[in-house]
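Participant: Quick check, what structure comes out for this input:
(chains A and B)
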Amino acid sequence: MNREALNRFWRIVAILIGALFIYAGVVKALDPVRFAGDIENYHILPWPVGVRLAFYLPWLEILCGLALIFRRLYSGALVLVLALMLVFIGATISAKARGLDISCGCFGHVSDQLSFAWHLVLDLVLITALVLLLFRQRALSRVAG
Amino acid sequence: MKAMLRQSFLLLALACLPAVGQALYYRDKVSWQSPVAASDMVTLAQARAWGGNAIWIDARPEKEFDQQHVPGAVLLNEDRWNELLPQMLATWSPEKRVVIYCSSESCGASREVARRLREEARLQNVFVLEGGWEGWLGRKK
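Facilitator: Okay, the predicted model is just below:
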């Protein structure tokens, strides 16, 4: 793959991840009360904290998604999206380990039918892509700087 | 690295703006201190005292409902909402109180069913049972 094709490939990956996060954010922002219930189901945070996060996280996801698509605040968005994914995967594993049978709430209730294994696979693919995008961005910044 | 952190903080701060706006819009529609407002919860003793004036709704999965449930309870969960709601509404009348339970105190299904009954079916007098099915079994022991 030549350099230009490689650039284009990673650009498309970033846009796809951005679109995914916008979608996930919009679905949750449309029904924050339901998302608060999903956070509550993890039994990690007290309700007063979870319900506030339910109003905040969807907008953070939307902004990060837009940043990835339009390449504004791009590096910051990559770090935040990666952090969100790591927190989410940690919470999911922790819930599973405690025997909680819950909907992740990640794409509203659209993802209710996804099994735990599929969630993990999807998350790991996303995390890998984000890490690679981050390394690539840092390398490009070094070259530019 | 510095730029990365600066951008992250900027995004974190920017997300506060729409979040605060939306939270203000929802300020009277959300229970900020507990998952269910205390007035929407009911203890087992209270619910039993309502006797025939209460409709019991089991919000657990059908398999668990089939194994055992509160006598007279009607199954209504989110998996088969559209199919089960009309059946539940056929047993409902305005003077009756609706008591919803799921597996335990911490499960979310009863809260969710209660919310949908209030918002979508426009029912009033909808209550979530404290302790859920576990609480019911505990009292029987």
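Participant: Quick one: residues in contact with stretch B:71-82.
Facilitator: Here stretch B:71-82 makes contact (CB atoms under 8 Å, 6 or more residues apart in numbering or on different chains) with A:109, B:55-62, B:65, B:69, B:84-85, B:87-88, B:91, B:100-101, B:109, B:112-113, B:116. Glycine gets a C-beta too; all of them are placed from N, C-alpha and C.
Participant: Return a PyMOL selection command for the buried portion of those.
Facilitator: Selecting only the buried entries of those in PyMOL, with 16 or more other CB atoms under 10 Å in any protein chain shown as the criterion:
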select buried, (chain A and resi 109) or (chain B and resi 55+56+57+58+59+60+61+65+69+84+85+88+100+101+109+112+113+116)
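Participant: which parts of stretch B:98-117 are buried?
Facilitator: B:98-103, B:107-117.
Participant: Is chain A within reach of that stretch?
Facilitator: Yes. Applying CB under 8 Å from any CB of the partner chain, one finds stretch B:98-117 in contact with chain A at B:106, B:107, B:108, B:111, B:112, B:115.
Participant: Among those residues, which lie within helices?
Facilitator: Mapping the residues of stretch B:98-117 next to chain A onto helices (DSSP state H) picks out B:111, B:112, B:115.
Participant: Present those residues as a markdown table; the columns should include pLDDT.
Facilitator: As requested, those are exported to a markdown table (pLDDT from 0 to 100):
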| residue | pLDDT |
| --- | --- |
| B:111 | 85 |
| B:112 | 84 |
| B:115 | 85 |
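Participant: ok, the residues you listed vs residue B:138, which is closest?
Facilitator: Checking those against residue B:138 with CB to CB, the nearest one is residue B:111 at 19.8 Å.
Participant: contacting residues around the residue in chain A that chain B sits nearest to?
Facilitator: Of all residues in chain A, residue A:76 sits closest to chain B, at 2.5 Å by CB to the nearest CB. Taking CB under 8 Å, 6+ apart, we find residue A:76 in contact with A:67, B:3, B:4, B:5, B:6, B:7, B:8, B:9, B:10, B:11.
Participant: in what helix or strand does the second one lie?
Facilitator: The one in question is residue B:3. Taking DSSP states H and E as the criterion, residue B:3 maps to helix B:2-25.
Participant: now what about that helix, what contacts it?
Facilitator: Under CB under 8 Å, 6+ apart, the answer for helix B:2-25 is A:29, A:32, A:52, A:55-56, A:58-60, A:62-64, A:67, A:73-80, A:141, B:30.
Participant: residue ranges of the strands in chain A, please?
Facilitator: Ranges of strands within chain A are A:106-109, based on DSSP state E.
Participant: and if you look at chain B?
Facilitator: Secondary structure of chain B (DSSP E): strands located at B:41-42, B:54-58, B:74-75, B:97-101, B:126-129.
Participant: would you list these in TSV and tack on mean pLDDT?
Facilitator: Converted to TSV, those look like this (pLDDT from 0 to 100):
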stretch	mean pLDDT
strand B:41-42	86
strand B:54-58	95
strand B:74-75	94
strand B:97-101	95
strand B:126-129	92
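Participant: Which residue, other than its chain neighbours, is closest to residue A:28?
Facilitator: residue A:58 (3.9 Å; CB to CB, 6 or more residues apart in numbering or on different chains).
Participant: ok, the one you found - contacts?
Facilitator: Neighbouring residues of residue A:58 by CB under 8 Å, 6+ apart: A:24, A:25, A:26, A:27, A:28, A:29, A:32, A:35, B:19.
Participant: which residues touch residue A:16?
Facilitator: With CB under 8 Å, 6+ apart, residue A:16 has no contacts at all.
Participant: Distance check, it against residue A:22.
Facilitator: Distance of residue A:16 to residue A:22, given as CB to CB, to the nearest Å: 11 Å.
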